[in-house]
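Enquirer: A structural model of the following input is requested.
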Amino acid sequence: MEELGTTMNIPIQVTAVKESNVSIAELEEQVDEWLKQPEIGLRFDPFRMRDAGSDPRLPSYLVDHGAFATLWGDWPSFIFAPAGGGKTAFRIRLTHACRAEEDRRRIFPVVLTALDPSAPLFASLTQAAASELLLHLLYSPHRFLAHDDDVRRSIRRALDENLVQSLEHRLDQIAELLDRIEEDGDWNLLAETFDPAACGLFSPPTLPEVRDMIAALRSLPPFPPEEQADSQTRFDRFHTLLQSLDYEAVYLLVDGIDAYLETQRDPAAAVEALQPLLGRTLEWSERDIYVKYFLPLELRKPLRERASFLLTNRDNVAIIEWTPDTLREVIGRRLQAAAGEYRAITSLDALCTPALRGAEDELLQTARPFPRDLVILVEQMFIEHVQRVGSHGRLEPKDLDAALEWYRRFETTGSP
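Expert: Down below sits the predicted model:
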């Protein structure tokens, strides 16, 4: 997970499957069955999701470090953290706040989760913005239907010009999903096609409203490709449209530079790849477009050398550092979220036999001080337990020892 990032590519579930000849799905089912036993009492596995970007529950157990205040405001922001130290978790939290209209603010999020210096910047931005706009329309169809024809045509144009797939193709896919939702009532089928972290966030509209919106959108004449403008003009036009839709501001959330940094092995080159954004950050702020950067800690020094003018205000910069107390909080918050409001499970001790107390101390002594490693180790304990005794009983010292041995073996050899 990135609360979690990419410090180690540890194939936990694959390892367990190899050792037990059990499929991943069967293994997850066993863990779920065990966690839901009365003596354990968790509603779901809060340590399973390895990718923060795919975890819709993440905002409910994010350890804040006070960093959200740095992000939630109309100014450029910088979050620095080591790989595996929480950048994507904060990006998800900020996206959640925008989509949920937290504090009754209407902020439009545009999320860049992969940096490709070879791709035109404005094209990447408008493609991400068009997908986000379609998501908002589907979950708030009444807003589209309330607009006059001129605004509707502007929306159609923005989607025609900027969606990666054609709008008609996308609407065909959505219509099929709506039929499935009508059968089983699972609106996450729709949300996860845009962003898994959006699952469970929006209040579902009625199906007739969504279908009426889609029909109204289809009835508008498509915008001819040959009349489309250059990507920067499309970006400016999209921004004007968002203002007409009563969005107060646009937040550009820039994440995923880690992959580029891993490829290049050069922090200075990574900062150079960010330069098209860095050079426009202050200019865009004057237009109510605020860039929010989620960056590896290695980039802090070269960024101060190349773009110190953006880091002069300490209030817009947060550095995520982990201590034993905050790492314990990572475990506690996840357990509490999984336990629900009527149970107070905030420590692994509640899942252990009396012979295994203080498991978190041993985990913290062994794991590198990042949430990713700690969460991975807890999940491995669960796996070791169900492989040893099945879906019953509490965690034993053998489960902890096996998980720690597995972790040390991977750190030493690079394979479990």
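Enquirer: Test my guess that residue 191 contacts residue 198.
Expert: Yes. Applying C-beta atoms under 8 Å, one finds residue 191 in contact with residue 198, separated by 4.2 Å. C-beta coordinates here come from the backbone N, C-alpha and C atoms, glycine included.
Enquirer: Let me know whether residue 408 touches residue 368 as I believe.
Expert: No. Judged on C-beta under 8 Å, residue 408 makes no contact with residue 368 at a distance of 11.7 Å.
Enquirer: So, low pLDDT: which residues of the chain?
Expert: By pLDDT under 70, the low-scoring segments of the chain are 1-21, 52-53, 226, 263-264, 342, 411-416.
Enquirer: so where do the strands sit in it?
Expert: Taking DSSP state E as the criterion, the chain contains strands spanning 77-81, 107-112, 249-254, 289-296, 317-319.
Enquirer: Could you report the neighbour count for residue 348?
Expert: Neighbours of residue 348 under the rule other C-beta atoms under 10 Å: 21.
Enquirer: before we move on, what about residue 189?
Expert: 15.
Enquirer: Can you give me the distance of it to residue 71?
Expert: As judged by C-beta to C-beta, to the nearest Å, residue 189 and residue 71 stand 30 Å apart.
Enquirer: just residue 22 next, same as before
Expert: From residue 22 to residue 71 the distance is 41 Å (C-beta to C-beta).
Enquirer: Comparing these two, which shows the higher neighbour count?
Expert: When residue 22 and residue 71 are compared for neighbours, residue 71 comes out ahead with 23 against 18, by other C-beta under 10 Å.
Enquirer: thought the more buried one was touching residue 77?
Expert: Yes. With contact defined as C-beta under 8 Å, residue 71 counts as touching residue 77 (4.9 Å).
Enquirer: joint contacts of those two?
Expert: Common contacts of residue 71 and residue 77 (C-beta atoms under 8 Å, 6 or more residues apart in numbering): 292, 318.
Enquirer: Name the nearest residue to residue 164, sequence neighbours excluded.
Expert: residue 127 (5.4 Å; C-beta to C-beta, 6 or more residues apart in numbering).
Enquirer: quick one, what contacts the one you found?
Expert: Per C-beta under 8 Å, 6+ apart, neighbours of residue 127: 162, 163, 164.
Enquirer: gap between the closest residue to the first one other than its chain neighbours and residue 161?
Expert: In other words, residue 162. Leaving aside its chain neighbours, residue 162 sits nearest to residue 130 (3.7 Å; criterion: C-beta to C-beta, 6+ apart). For residue 130, the distance to residue 161 equals 8 Å [C-beta to C-beta].
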